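**Q** Quick check, what structure comes out for this input:
(one chain, ligands or ions: 1)
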Amino acid sequence: MKHFEANFDGLVGPTHNYAGLSFGNVASQSNAALTSNPKDAAKQGLKKAKALADMGMVQGMLAPQERPDLHTLRRIGFGGTDAEVLQKAAQQAPALLQACCSASSMWTANAATVSPSADTRDGKLHFTPANLVDKLHRSIEPSTTGNILKAIFADSRHFHHHEHLPEHPSFGDEGAANHTRLCSDYGRAGVEVFVYGRAVTRPDMPAPKKYPARQTLEASQAVARLHQLEDDNTVFMQQNPDVIDQGVFHNDVIAVGNQNVLFYHQQAFLHTQEKLAEIQRKMDTDMHFIEVPTAKVGVQDAVKSYLFNTQIITLPNGEMAIIAPTDCEENAAVHAYLTELVTFNTPIKKVHYFDVKQSMQNGGGPACLRLRVAMNEAELAAVNPNVMMNDALFNRLNQWVDKHYRDRLTIADLADPQLLVESRTALDELTQIMKLGSAYRFQR
Ligand SMILES: NCCC[C@H](NC(=O)CCC(=O)O)C(=O)O
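**A** Purely as a prediction, here's the structure:
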């Protein structure tokens, strides 16, 4: 049976905006209050996803969440009609309204952690939605994320869905952005690398001083237990606190892996050599450890260009390609490195650049926008086919975006009751396009 790694990209929602909500994410903070273009954001994402489908990759889309999130606003005490709730929140607590309006669910690398069936004791594909407790605007995502994942991966013979971890900082979990599954072949048991920023129960261990460590060791260990992984196919690595303090708020800003390739910055981890040796020991094939030296690309350039928030994909012909943001092309040191990289003796032979600037301006690159799901044909056959990218869905979703999305949005617009109506109308139609049923609270 064939095995492959599918990508499920987050469809950018109609309220995509720059609110400076993510302390520690330098792009989010420096672009706060920019005027956004939700229509461009959604179309940039669709274009990238379609391009990978056209390269022969298995590609799906995950629906956005209902924003503004009226349920949360009511839960924190704003009452009256929908318009009154929005108006009161805008007047009395604008920061909380903004946190309830973010389209941050587009970054599906934070939707969940996924363990392929080749790795798990029950032979099922496991999902644990990330609780994203470190940031208010993200912490309201997991229950809806779980509903959407269950609507897409509905067959319990193949898929095992877990509840997100307890909503407490001790279990800070940011999902697949801090998880890399290495393997010799997608269908064979691999090694799942969990990267964390701090160990809550080990205050003696190093931790970042300036910015938060959004993933804890305790969370990563809990997910590994839930996913029925063995010790000999898991590795836990600590992110170097110094790079977290320079804006590396997820591991996928400083490292990315695919099959037997790990592409990472020299300063990415603590105890690097010891940990790479553990990975090699647990792998059933030779690894390509591609370390990018600071001398070639500094941490600041890596954080600005998102060199490591690239996707490394294995094309049908077996070659690997890097999917990079155009920001990598525009950065001289990074572009020079990537041009050199494809001449090295590694499986990576091509680089493709995509404009995802609307997402990049909020600290999300190509890899943030996708959730990887390694599957076999039987599992794929059980997936809701209406979310799988093809010419028809691409055209239908572009028409849908053209019909419902604004091409500019300011922070002040978030309180506009008309925006809520537009968003709900769009999402209601989307659930029909994707056959998701009544996935949203406002539909029940
Ligand atoms: N994987 C990339 C996630 C980027 C995301 N940015 C944000 O939420 C910025 C939202 C804003 O500031 O409007 C985050 O930091 O979790």
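**Q** Find the centremost residue of the chain, please.
**A** The centroid of the chain falls nearest to Ala109 when counting by Cα atoms, centre = their mean (1.6 Å).
**Q** For it, give me its contacts.
**A** Contact analysis of Ala109 by Cβ atoms under 8 Å, 6 or more residues apart in numbering lists Gly175, Ala176, Ala177, His250, Asp252, Ala367, Cys368, Leu369, Arg370, Leu371. In short, each C-beta sits where N, CA and C put it, glycine included.
**Q** Just the pLDDT at it, thanks.
**A** Listed pLDDT for Ala109 reads 98.
**Q** quick one: it from the ligand, how far?
**A** Note on Ala109: its distance to the ligand, by Cβ to the nearest ligand atom, to the nearest Å, is 5 Å.
**Q** Was I right to think Val193 contacts Arg181?
**A** Yes - judged on Cβ atoms under 8 Å, Val193 makes contact with Arg181 at a distance of 7.5 Å.
**Q** which residues sit against stretch 262-271?
**A** 180, 182, 193, 195, 206, 237-243, 248, 251, 254-257, 275-276, 279, 287-294, 297, 299, 302, 307-308, 310, 312, 348.
**Q** Please point out which parts of it sit buried.
**A** Leu262, Phe263, Tyr264, His265, Gln266, Gln267, Ala268, Phe269 (16 or more other Cβ atoms under 10 Å).
**Q** do stretch 89-96 as well
**A** Neighbour-count burial for stretch 89-96 [16+ other Cβ under 10 Å]: Ala89, Ala90, Ala93, Leu96.
**Q** Ends of stretch 125-135, what's the gap?
**A** 28 Å (Cα to Cα, to the nearest Å).
**Q** for the stretch 151-300 of the chain, what spans make up the helices?
**A** 217-226, 241-244, 272-282, 299-305 (DSSP state H, counting those that start in this stretch).
**Q** List, one by one, the residues from the stretch 301-444 of the chain near the ligand.
**A** Asn362, Gly363, Gly364, Cys368 (Cβ under 6 Å from any ligand atom).
**Q** was I right about the second one contacting Ala27?
**A** Yes - in this structure, Gly363 sits in contact with Ala27. The criterion is Cβ under 8 Å, and the distance is 3.8 Å.
**Q** sorry, back to before: from the buried residues of stretch 262-271, which is closest to Lys43?
**A** Nearest to Lys43 among the buried residues of stretch 262-271: Phe263, at 28.3 Å, using Cβ to Cβ.
**Q** The closest one pairs with what?
**A** Val256, Ile290 (DSSP bridges).
**Q** number of nearby residues for the closest residue to Ile152 other than its chain neighbours?
**A** Leaving out its chain neighbours, the residue that sits closest to Ile152 by Cβ to Cβ, 6 or more residues apart in numbering is Asn384, at 4.8 Å. By other Cβ atoms under 10 Å, 16 other residues sit near Asn384.
**Q** before we move on, back to that, and the contacts of Ala109 as JSON lines, adding pLDDT and neighbour count?
**A** Shown next, in JSON lines, are the contacts of Ala109 (pLDDT from 0 to 100; neighbours: other Cβ atoms under 10 Å):
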{"residue": "Gly175", "pLDDT": "98", "neighbour count": "31"}
{"residue": "Ala176", "pLDDT": "98", "neighbour count": "26"}
{"residue": "Ala177", "pLDDT": "98", "neighbour count": "26"}
{"residue": "His250", "pLDDT": "98", "neighbour count": "28"}
{"residue": "Asp252", "pLDDT": "98", "neighbour count": "30"}
{"residue": "Ala367", "pLDDT": "98", "neighbour count": "25"}
{"residue": "Cys368", "pLDDT": "98", "neighbour count": "27"}
{"residue": "Leu369", "pLDDT": "98", "neighbour count": "30"}
{"residue": "Arg370", "pLDDT": "98", "neighbour count": "28"}
{"residue": "Leu371", "pLDDT": "98", "neighbour count": "26"}
